[in-house]
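Chemist: with the input below, show me the fold.
(2 chains)
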Protein chains: 2
Amino acid sequence: MTKDNVQGAGEEEQQAQSKKALKKQQKEAEKAAKKAEKQAKLAAEQQEADEDDFAKDRYGICPMVQSQQKLDRALVRVQDLTPEKAEQQIWVRARIHTSRAKGKQCFLVLRHQQFTVQALLAVGDRASKQMVKFAANLTKESIIDVEAVVKKVEQKIESCSQQDVELHVERIFVISQSEARLPLQLEDAVRPEGEGDEQRKRNTYMFWNKLREGRATVNQDTRLDNRVIDLRTTTSQAIFRLQSGVCQLFRDTLINKGFVEIQTPKIISAASEGGANVFTVSYFKTSAYLAQSPQLYKQMCICADFDKVFCVGPVFRAEDSNTHRHLTEFVGLDIEMAFNYHYHEVIDSITDTMVQIFKGLRDRFQTEIQMVNKQYPSEPFKFLEPTLRLEYKEAVAMLKAAGVEMGDEEDLSTPNEKLLGRLVKDKYDTDFYVLDKYPLAVRPFYTMPDPNNPKYSNSYDMFMRGEEILSGAQRVHDAQLLTERAMHHGIDLEKIKAYIDSFRYGAPPHAGGGIGLERVTMLYLGLHNVRQTSMFPRDPKRLTP
Amino acid sequence: MTKDNVQGAGEEEQQAQSKKALKKQQKEAEKAAKKAEKQAKLAAEQQEADEDDFAKDRYGICPMVQSQQKLDRALVRVQDLTPEKAEQQIWVRARIHTSRAKGKQCFLVLRHQQFTVQALLAVGDRASKQMVKFAANLTKESIIDVEAVVKKVEQKIESCSQQDVELHVERIFVISQSEARLPLQLEDAVRPEGEGDEQRKRNTYMFWNKLREGRATVNQDTRLDNRVIDLRTTTSQAIFRLQSGVCQLFRDTLINKGFVEIQTPKIISAASEGGANVFTVSYFKTSAYLAQSPQLYKQMCICADFDKVFCVGPVFRAEDSNTHRHLTEFVGLDIEMAFNYHYHEVIDSITDTMVQIFKGLRDRFQTEIQMVNKQYPSEPFKFLEPTLRLEYKEAVAMLKAAGVEMGDEEDLSTPNEKLLGRLVKDKYDTDFYVLDKYPLAVRPFYTMPDPNNPKYSNSYDMFMRGEEILSGAQRVHDAQLLTERAMHHGIDLEKIKAYIDSFRYGAPPHAGGGIGLERVTMLYLGLHNVRQTSMFPRDPKRLTP
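Modeler: Numbers count the residues shown, from 1 in each chain, chains lettered A, B, ... in the order given. Prediction:
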């Protein structure tokens, strides 16, 4: 092949390409011309529209709020929109929950947290055709500021929390736009699920056209993958407000009883409780562990004369358990308390604390309880005063009488725990009780043996609706007995030296326990999965978001 | 060598050994006989003594409290021993703080927490010679129950907290014995340290016979290695009771302001803030990280409409900083809040919260403040209402006027922070102020730029006694701008996808901040090391106890 040939071939090719390019350019030019024409037309229309639009300053998209100015404008909360405000001109910030255009009108439902109100835009004095169209086109979940007049309504608006008023909108500005396509719909996420219809398929958003008369529900993984949206539902808002209340009631009750709040380290040098189920952390040039409980530290505080201590903090368990009630990270509400002569003094303190929590929730969080019940119906939580305390032996006898085969010193299986809960509920009409005097063999090494029967121990669990929420005991406060018990359990004494040494310089008798926060919230509300009461749950398969 | 020979040699050897053994046996028999004789003599003496001892049932060592019985005995607290109880017969449980025998008398100082009372045993009607001797021989820090009559004293007992009464002991029983040799003496551990005498030598318990007129102090590592004892001092008791108060005041103030408490995960899937200084955790078959702050989660809660949230929990920093104010694990008091139009709404909420904390400490913890001041004298903490807010530019100008050479957009060094604190104190007479509008370049990627000057940002730090205790800002709530800022900082977008996606479905403008609990306690009390305000501190060199 000569250069010319090449050149010749090249020329032909070039000519062919030139033709193609020309055609393409022409097409693009035409396209551009059309676009320009269209844009010019749109601009003209817009200008005309703007000129025509007497309301053009009454709506629009605000620039991102970057703290440009200190605006002297009071915003009224949706929950405060009541008939007392009728005829008042007010500003509200809320999300667009739903939107429905109808002729010259646009109905919006505005939502803030668990509260909703109806808002109306109608073409007229205060709103132009363009303005109503603008409102109708806003995406759901966008955050808007509206100026409106509060109007009493004659017929209750059943679909909103604020049933006696609606807003007549006069100005509407977007503060933050939502993308049009939501990963889940809020109305689906609060729909009660049918019995046995629970969805378990991962990462799928299911529409159950047939099963649920055309109505969809949202499965748990979709919820958790899009937790920011799922947490906006009335149910989630109620669950986590109530959970915040559990923590507050727990602490307030204990502070009133003279307890001191302590902070214990989560990074520890040795796996204290035998070494199983513990997460390892790289710690500079060495290794460390994540604390499975604040156990040893709260006991050290007792040895350090703080007498009554509590702490609220994360607890880590590297258990590969994929159940409805296990998390690898949960929040522990921990108590430890010196007593005078008998560990029942401590049981009484803890059960009273639980009762104060139950009463506080019942009295202060009735709205939240009812909101959750709409989606997840359950019986009201029942408890006795004083709290029912059964001995382990009695429980075994009750189970045996109900046909269960088990040994006297065998631990309770989960099904047996639940069955026992039902038996206790039937007999004593309570959802909360204490099971005392567990067999020594099934408890940790630091548990004080029963003084009268070496096969049993001064230890206890507490149950809500038949599930364990607290495990506790009198602890061994004598260094020599503690050493013996640790050796009996095959624990490396070198690793717990600091712990055992704590008891060498005078230690008061003491007992305590650890409560799982998520379980308390779950069981109080009669929910069925601990992931519903953990904002960002961690299990062997979930580390995000 | 024949077998016989061997045998012969064996016999000789055996004979020699037999002689030796015989001698040994004889010696041991003699020893045993002597011992038996001695024991018999002791037993006889004891029996005689017991027979002689009319008070033998009034003292002794109790069996370990194993909850053998529910004793119906009220114990009076040391702090409640006042002249109103004069002539009453009461029971008290306390530690032996000091003990001094003097002829037929024994003076004990009994301690419970930060309170002390003098107790007297004297040979007489109610106490035998043997009983006084028994009391005198008890080890310091042992826990005892005493029955005693409360007696008014004519001259105040200056060395005790209960100065107007003493106890005349009639019964004394040991509940828990301390080993005789303590790793540190409590009276040494509360002694004020001389200027510049601070001990830094590791693992050594120093007696400064010359420097401190024969009086010892305890260095920090000895304290921390034996934290259970060190925490018993009046100073430690006061520090950690006050710290419990800081948490309580923080939460109560925020709950009154309508905040919700949240719990955020500590195990996270991606190092969110660039990946430096983060601890790695083994998580089943994969790796995870320990959260350096709840930043991303509290923001997600804002996107989920909780509006105003706070959390109290551990924060982990894998920084190899060995300074007086760095820990690898500390307690974060975190706030995040949606605002209407300007992030100063959030600054005002946070500064008001701090002021409520300062006022609460001043009004409710004066005893504790004075106790700490005895060992570590400091000026009372001063603050203004409203809180002083300076702009970063003004601070740089003040520093430059004081002779510091620095660039306008340079970060503050620790010495410059401290100097600025002194300049501010001199000019405005406050130990607490806000520095607003930091240069954008020195803040994290999620910081909102200043709308008027792109070199600055809507961010702030807060200072106590010239040291930073809070860092905060308006956050970028727009997914697009957030993406741009993350890219500008070279952050892997894939790793923060869930975070950025949180802002795609409508996000309110918001701001917040994180406070270091240990620093607040340290600086409020005018202490000089954050290890004094962390019960079980963690730093690059310390993982125990």
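
Chemist: residue ranges with poor pLDDT in chain A?
Modeler: Along chain A, the model assigns pLDDT under 70 to residues A:1-18, A:21, A:44-51, A:194-214, A:271-275.

Chemist: please redo it, this time with the cut-off set to 80
Modeler: Across chain A, the ranges flagged by pLDDT under 80 are A:1-29, A:31-33, A:35-51, A:193-215, A:270-276.

Chemist: can you give me the helices for it?
Modeler: Using DSSP state H, the helices found in chain A span residues A:3-52, A:129-136, A:186-189, A:220-225, A:227-230, A:234-256, A:295-303, A:344-364, A:366-375, A:392-401, A:414-428, A:479-488, A:497-501, A:517-524.

Chemist: just the strands in the stretch 151-300 of chain A please.
Modeler: Ranges of strands in the stretch 151-300 of chain A, per DSSP state E, counting those that start in this stretch, are A:165-176, A:260-261, A:267-268, A:280-283, A:286-290.

Chemist: now do the contacts for A:Lys85.
Modeler: A:Lys85 makes contacts with A:76, A:150, A:165, as judged by C-beta atoms under 8 Å, 6 or more residues apart in numbering or on different chains. In this view, the C-beta of every residue, glycine as well, is placed from N, C-alpha and C.

Chemist: closest one of those to B:Phe365?
Modeler: The closest of those to B:Phe365 turns out to be A:Val76 (C-beta to C-beta; 39.2 Å).

Chemist: what's the nearest residue to A:Pro454 if we skip its chain neighbours?
Modeler: A:Leu440 (6.9 Å; C-beta to C-beta, 6 or more residues apart in numbering or on different chains).

Chemist: does the one you found touch A:Asp450 like I think?
Modeler: Yes. Applying C-beta atoms under 8 Å, one finds A:Leu440 in contact with A:Asp450, separated by 7.2 Å.

Chemist: for the nearest residue to A:Glu467 once chain neighbours are set aside, give its distance to A:Leu419.
Modeler: Nearest non-adjacent residue to A:Glu467, counting by C-beta to C-beta, 6+ apart: A:Leu523, 5.7 Å away. Distance of A:Leu523 to A:Leu419, given as C-beta to C-beta, to the nearest Å: 16 Å.

Chemist: more neighbours: which of these two?
Modeler: Between A:Leu523 and A:Leu419, counted using other C-beta atoms under 10 Å in any protein chain shown, the more crowded position is A:Leu523 (26 against 18).

Chemist: please compute how far stretch A:236-253 lies from its chain's middle.
Modeler: Distance of stretch A:236-253 from the chain centroid (C-alpha atoms, centre = their mean, to the nearest Å) equals 11 Å.

Chemist: how about that stretch against chain B, any contact?
Modeler: Yes. Among the residues of stretch A:236-253, A:236-237, A:240-241, A:243-244, A:247-248, A:251 lie within reach of chain B under C-beta under 8 Å from any C-beta of the partner chain.

Chemist: the stretch 101-250 of chain A against chain B: which residues are in contact?
Modeler: Listed as neighbours of chain B in the stretch 101-250 of chain A under the rule C-beta under 8 Å from any C-beta: A:112-113, A:141-143, A:175-179, A:182, A:227-232, A:236-237, A:240-241, A:243-244, A:247-248.

Chemist: neighbours around A:Ile500, how many?
Modeler: With neighbours defined by other C-beta under 10 Å, the count for A:Ile500 comes to 17.

Chemist: and for A:Glu410?
Modeler: Counted by other C-beta under 10 Å, the residues lying close to A:Glu410 total 13.

Chemist: and if you look at the one 5 residues further on?
Modeler: A total of 10 residues lie near A:Pro415 under the criterion other C-beta under 10 Å.

Chemist: restricting to C-alpha, output the top strand by length along chain A in PDB.
Modeler: Looking across chain A with DSSP state E, the single longest strand is strand A:89-102. C-alpha atoms of strand A:89-102 as PDB (Å, rounded to 0.1, in the frame of the first residue of the first chain):
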ATOM      1  CA  GLN A  89     -52.500  35.100  59.300                       C
ATOM      2  CA  ILE A  90     -49.500  32.900  60.100                       C
ATOM      3  CA  TRP A  91     -46.400  31.300  58.700                       C
ATOM      4  CA  VAL A  92     -45.800  27.500  58.900                       C
ATOM      5  CA  ARG A  93     -42.900  25.300  57.900                       C
ATOM      6  CA  ALA A  94     -43.700  21.800  57.000                       C
ATOM      7  CA  ARG A  95     -43.300  19.000  54.500                       C
ATOM      8  CA  ILE A  96     -45.700  18.200  51.700                       C
ATOM      9  CA  HIS A  97     -47.200  15.000  52.800                       C
ATOM     10  CA  THR A  98     -49.700  14.600  49.900                       C
ATOM     11  CA  SER A  99     -50.800  16.900  47.100                       C
ATOM     12  CA  ARG A 100     -53.900  16.800  45.000                       C
ATOM     13  CA  ALA A 101     -54.800  19.200  42.200                       C
ATOM     14  CA  LYS A 102     -58.500  19.600  41.300                       C
END
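
Chemist: buried sites along that strand?
Modeler: Burial within strand A:89-102, assessed by neighbour count using 16 or more other C-beta atoms under 10 Å in any protein chain shown, is assigned to A:90-99.
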